[in-house]
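1. just coords:
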């Protein structure tokens, strides 16, 4: 080979190496994985800046998630029979960037009256969107589930403004009651007594993600062949207790599924997920979308023509997003949003299981504990 040819080859190889190194992304250092744990109360109230209150009466009720200092909100609706209020306001292109409360309630569309009661309560405390001259308009999105006429109630026996007011008055940042309370009082899920459930997870560095859900699904939370919860594998720190596999396949399970099928329009699972991280409205919406996957992991089928499945997401903004310290070659901010959305999905699925475990039998509608006693051993 001539010297000139050798020089050309060397230069070509060097240039090729430089091009390859410039085009090949450098793999970032991966954060050390940690064992996740629930927050102090294993509830959405572990998220700083979030309070919860419940009120129920005659097997229907209302749950209020308060953000005393406001929270950026997003929403995702995937069921085909929703009953909602103020969800358009949460679109990232629209003006108002913070909400004061989110209401989850029974009563079908009539139950939206409970949100007005929360509005009036907030107005008295001058909490809301400032419209001048000392006046405010509280921002209170809401979603409903269908429970009218259940458990011996008249069809018009449903949540009113008073339900919302009393739930707001009861709100606190401490432990949250579960089961036949609040919006879960009249809930039924897959032929079993549904209810209200909550869960949280500590992501480290002070970042908390929580969820609260009223489970009133057309689908089942339980595998009919085994009696196991679909989302049992997501359990943290033994929160579900020493559950066993009851091997539930049989006529009894078939009867419960038939009961669920007999009420195809009396469904809907509604939820709120929250974090203390600062979010934009677009990021909150994305987290709500991802959280819906947790609902789908825990309930089968989900998002049906007869469900109005709706998930709200709230960010109280007490920590910067980069507190999560997620790393990715394609950008740190998307990686942090991904981490929050994934945590919200798992927390929501866990909250669904906890709702079903906390529910109590009403009339001929059995709770999981009574329908599958084998899951709890002796």
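-> Everything's here; your move. Being a predicted model, the structure only gives us computed values, none of them experimental. Residues are numbered from 1 along each chain as shown.

2. any weak-confidence spans in the stretch 101-250 of the chain?
-> 248-250 (pLDDT under 70).

3. what kind of secondary structure is residue 112 in?
-> Secondary structure, DSSP: H, G, I helix; E, B strand; the rest coil: residue 112 is helix.

4. leaving out the residues flanking it, which one is nearest to it?
-> In this structure, residue 112 finds its nearest non-sequential neighbour in residue 85, 5.1 Å apart by CB to CB, 6 or more residues apart in numbering. For glycine as for every other residue, the C-beta is placed from the backbone atoms N, C-alpha and C.

5. can you pull out the strands in the protein?
-> 51-56, 61-77, 84-85, 99-105, 129-132, 135-137, 142-144, 188-189, 192-193, 195-204, 207-215, 270-277, 310-319 (DSSP state E).

6. can you redo those strands as a markdown table with mean neighbour count and distance to residue 41?
-> Formatted as a markdown table, these follow (neighbours: other CB atoms under 10 Å; distance: least, CB to CB, whole Å):
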| stretch | mean neighbour count | distance to residue 41 |
| --- | --- | --- |
| strand 51-56 | 24 | 10 |
| strand 61-77 | 26 | 14 |
| strand 84-85 | 19 | 28 |
| strand 99-105 | 31 | 18 |
| strand 129-132 | 10 | 30 |
| strand 135-137 | 14 | 30 |
| strand 142-144 | 31 | 23 |
| strand 188-189 | 28 | 23 |
| strand 192-193 | 28 | 23 |
| strand 195-204 | 26 | 7 |
| strand 207-215 | 32 | 9 |
| strand 270-277 | 32 | 13 |
| strand 310-319 | 26 | 16 |
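
7. so which of these is nearest residue 374?
-> strand 192-193 (14.8 Å; CB to CB).

8. what about the closest one, distance to the chain center?
-> 20 Å (CA atoms, centre = their mean, to the nearest Å).

9. ok, it: who's next to it in the sheet?
-> Its sheet considered, strand 192-193 pairs with strand 188-189 (antiparallel) by DSSP bridges.

10. any residues touching the strand it pairs with, and which ones?
-> 147, 150, 194, 215-217, 219-221, 260, 263, 266, 269, 299, 356, 365 (CB atoms under 8 Å, 6 or more residues apart in numbering).

11. show me which of these are buried.
-> 147, 150, 194, 215-217, 219-221, 260, 266, 269, 299, 356, 365 (16 or more other CB atoms under 10 Å).

12. between the residues you listed, which sits nearest residue 344?
-> Checking these against residue 344 by CB to CB gives residue 269 as the nearest, at 14.7 Å.

13. can you pull out the helices in the stretch 101-250 of the chain?
-> Secondary structure of the stretch 101-250 of the chain by DSSP state H, counting those that start in this stretch: the helices cover 113-124, 161-169.
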